[in-house]
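1. Quick one, fold the following:
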Amino acid sequence: MLLQSVDVWGTTFEVCGSCKHTSITETIAIASSGDTLLIKGGLYQEGEIIINKPIVLLGVNKPILDGGSVAGVISIFADSVVIKGFVIQNVGLSYTNDYAAIYISKSKHFTIENNVLKNVFFGMLVEKSHFGRIHNNVVSGEVKEEHNSGNGIHLWHSDHVRITENQLSHLRDGIYFEFVSESHVANNISQENLRYGLHFMFSNHNDYYDNAFINNGAGVAVMFSKFINMKRNRFYKNWGTASFGLLLKEIYDAEIEDNVFEENTIGINVEGSTRINYSNNSLIKNGWAVKIAGGCYANIFNNNNFVGNSFDVSYNSKMNDNAFRGNYWSSYTGYDLDKDGVGDVPYRPVKLFSYIVNQTPETIVLLRSLFIDILNFSEKVSPVFTPDNLVDATPKMKMIYD
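-> Model prediction:
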């Protein structure tokens with residue numbers, strides 16, 4: 001019975017143990033461009049399956065393609081290829097070759113949908129390909145160390161790819177972009193990966209919406225990119241001595257909006273990034289909510305919730321070219337005499353102790369001591385070490401909701 005919905009092209013070939021055609025590779029060889037192969041349930045161990053023409057491979061009752069832990073399983077070198085409805089497993093491990101469950105090279109208009117990829121080195125490796133769709137796949141590995149593991153969905157020198165509703169776990173990076181543009185990542189769950197839930201570099205004009213990055217070595221690392229939109233994502237429980245929910249390094253012109261950063265070592269770690277708008281985000285129960293290093297200019301933090309963080313803002317310089325406006329701070333102790341919902345006393349989010357911890361990390365053991373409370377109060381009354389112009393002049397009295 002056909003369980004997947006797809007537009008069937010050209011001639012249709014059925015492949016199964018008792019069918020006229022029993023081999024996927026041999027059937028591809030006799031198929032023409034535009035044909036469809038219906039691969040019925042069963043175990044197929046054919047080594048690397050090479051697709052070099054526009055065809056549809058449609059799994060019926062989840063056929064298993066087993067790579068035998070030797071090499072890659074499917075390699076695509078054609079446009080308009082569709083892969084749907086398979087279990088692809090046991091990809092080979094190599095220190096010199098990037099073996100993948102599905103490798104795509106110089107392809108346009110490809111679709112990878114409704115597959116389960118398990119025990120992979122790389123799940124999907126996409127190179128110099130465009131206008132693709134990767135939807136509703138489950139990708140998992142068995143990683144133990146970074147040097148012998150690959151990424152779940154890895155794109156290199158590609159554009160206009162939509163990556164939606166995938167689940168990625170136990171990999172090096174859940175999703176990895178390098179030199180990728182005009183692409184859309186939405187509604188994915190990337191969790192329990194060794195390094196990053198999402199990692200991208202030199203990748204401009206991309207959107208990341210409604211994803212969840214949970215309990216990874218670190219949540220998301222964004223490096224050397226510009227014109228980025230990250231909205232309605234959740235960064236949760238990314239813990240570790242140097243971990244974070246979101247790292248921004250050398251980023252320009254980005255919108256970080258309506259995200260939740262909860263229970264991360266550092267909610268947002270920012271280095272050398274300029275013209276970033278942070279609005280309507282909630283930063284809850286993080287070690288550091290926002291940690292800003294040098295070279296960050298013209299950034300605006302507006303209408304965000306800072307709730308129950310050990311440190312709301314950490315800043316390593318007395319210079320400040322960033323604005324904090326109308327945020328809610330749970331540690332704010334000011335008052336609102338005119339009852340307009342805005343505190344009458346400005347709030348200084350950078351505490352002296354956070355400055356000390358930046359210089360001498362070992363002092364973190366004093367975090368809850370009375371001495372530190374007195375130290376922070378004295379700096380609040382008369383700022384000496386912290387930036388005296390880093391202040392929210394209009395702090396909200398209540399949490400901000402949409």
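2. Tell me what residue 284 is bridged to.
-> Partner residues in beta bridges with residue 284, using DSSP bridges, are residue 262, residue 307.
3. Distance-wise, check it relative to residue 236.
-> Separation of residue 284 from residue 236 (C-beta to C-beta, to the nearest Å): 10 Å. Using the backbone N, CA and C atoms, a C-beta is placed for each residue, glycine as well.
4. Please enumerate the shared neighbours of these two.
-> Jointly contacting residue 284 and residue 236 under the rule C-beta atoms under 8 Å, 6 or more residues apart in numbering are 260, 262, 263.
5. what sits against the last one?
-> It refers to residue 263. 236, 237, 239, 284, 285, 286.
6. Would you reformat the shared contacts of residue 284 and residue 236 as JSON lines and include pLDDT and distance to residue 114?
-> What follows is those, written out as JSON lines (pLDDT from 0 to 100; distance: C-beta to C-beta, whole Å):
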{"residue": "260", "pLDDT": "98", "distance to residue 114": "29"}
{"residue": "262", "pLDDT": "97", "distance to residue 114": "31"}
{"residue": "263", "pLDDT": "95", "distance to residue 114": "32"}
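7. Tell me if I'm right that residue 28 and residue 48 touch.
-> No: in this structure, residue 28 is not within contact of residue 48 by C-beta atoms under 8 Å, at 11.8 Å.
8. Who has more neighbours out of these two?
-> Comparing residue 28 with residue 48 by other C-beta atoms under 10 Å, the one with more neighbours is residue 28, at 20 against 15.
9. how much space between the residue lying closest to that one once chain neighbours are set aside and residue 351?
-> If the residues on either side of it in the chain are set aside, residue 28 comes closest to residue 51, at 6.3 Å by C-beta to C-beta, 6 or more residues apart in numbering. Distance of residue 51 to residue 351, given as C-beta to C-beta: 58 Å.
10. what are the phi and psi angles of residue 29?
-> Backbone torsions of residue 29, given as degrees, to the nearest 10, read phi -60, psi -30.
11. Can you report how many residues neighbour residue 32?
-> Using other C-beta under 10 Å, residue 32 has 11 neighbouring residues.
12. Can you tell me the SS state at it?
-> coil (DSSP: H, G, I helix; E, B strand; the rest coil).
13. Next, the contact list for residue 262, please.
-> With contact taken as C-beta under 8 Å, 6+ apart, residue 262 is in contact with 234, 235, 236, 237, 282, 283, 284, 285, 286.
14. what do you get if the cut-off is 10 Å, keeping everything else the same?
-> Residues near residue 262 by C-beta atoms under 10 Å, 6 or more residues apart in numbering: 214, 234-238, 245, 282-286, 307-308.
15. do residue 98 as well
-> Contacts of residue 98 by C-beta under 10 Å, 6+ apart are 72, 121, 122, 125, 127, 150, 151, 154, 156.
16. what do you get if the cut-off is 6 Å, keeping everything else the same?
-> Contacts for residue 98 (C-beta atoms under 6 Å, 6 or more residues apart in numbering) come out as 122, 125.
17. ok so, going back, which residues does the residue nearest to residue 28 bridge with?
-> Bridge pairing for residue 51 (DSSP bridges) gives the partners residue 76.
18. That one: how many residues sit nearby?
-> Neighbours of residue 51 using other C-beta under 10 Å come to 24.
19. likewise residue 311?
-> Using other C-beta under 10 Å, residue 311 is surrounded by 25 other residues.
20. got a pLDDT number for it?
-> pLDDT, residue 311: 88.
21. I'd like to know which helix or strand in the chain has the lowest mean pLDDT.
-> helix 370-381 (a mean of 55; mean pLDDT, DSSP states H and E).
22. quick one: residue 307 and residue 283 touch, right?
-> No: between residue 307 and residue 283 there is no contact under C-beta atoms under 6 Å: 7.0 Å.
23. So the two - more neighbours on which side?
-> residue 283 (28 against 18).
24. which residue packs closest to the more buried one, ignoring adjacent ones?
-> Closest residue in space to residue 283, ignoring its immediate chain neighbours: residue 289 at 3.9 Å, by C-beta to C-beta, 6+ apart.
25. and that neighbour, which of the three is it?
-> Residue 289 - assigned by three-state DSSP - is strand.
26. distance of it from residue 297?
-> 20 Å.
27. Can you pick out the residue with more neighbours from those two?
-> Neighbours per residue (other C-beta under 10 Å) separate residue 289 from residue 297, with residue 289 holding more: 29 against 14.
28. Need the mean per-residue confidence for the longest strand along the chain.
-> As assigned by DSSP state E, the longest strand anywhere in the chain is strand 218-231. Averaging pLDDT along strand 218-231 gives 96.
29. CA-only coordinates of that strand in PDB, if you can.
-> C-alpha atoms of strand 218-231 as PDB (Å, rounded to 0.1, in the frame of the first residue of the first chain):
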ATOM      1  CA  ALA A 218      26.100  24.900  23.400                       C
ATOM      2  CA  GLY A 219      22.900  26.100  21.800                       C
ATOM      3  CA  VAL A 220      23.600  28.200  18.600                       C
ATOM      4  CA  ALA A 221      26.800  29.700  17.400                       C
ATOM      5  CA  VAL A 222      26.500  32.500  14.700                       C
ATOM      6  CA  MET A 223      29.800  33.700  13.300                       C
ATOM      7  CA  PHE A 224      30.900  36.100  10.600                       C
ATOM      8  CA  SER A 225      27.500  36.700   9.100                       C
ATOM      9  CA  LYS A 226      25.100  39.500   8.500                       C
ATOM     10  CA  PHE A 227      21.400  40.200   7.900                       C
ATOM     11  CA  ILE A 228      20.100  37.400  10.200                       C
ATOM     12  CA  ASN A 229      16.600  37.000  11.600                       C
ATOM     13  CA  MET A 230      16.200  34.800  14.600                       C
ATOM     14  CA  LYS A 231      12.600  34.800  16.000                       C
END
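30. For it, enumerate the helices and strands it packs against.
-> strand 196-201, strand 206-209, strand 246-257 (3 or more C-beta pairs under 6 Å, 6 or more residues apart in numbering; DSSP states H and E).
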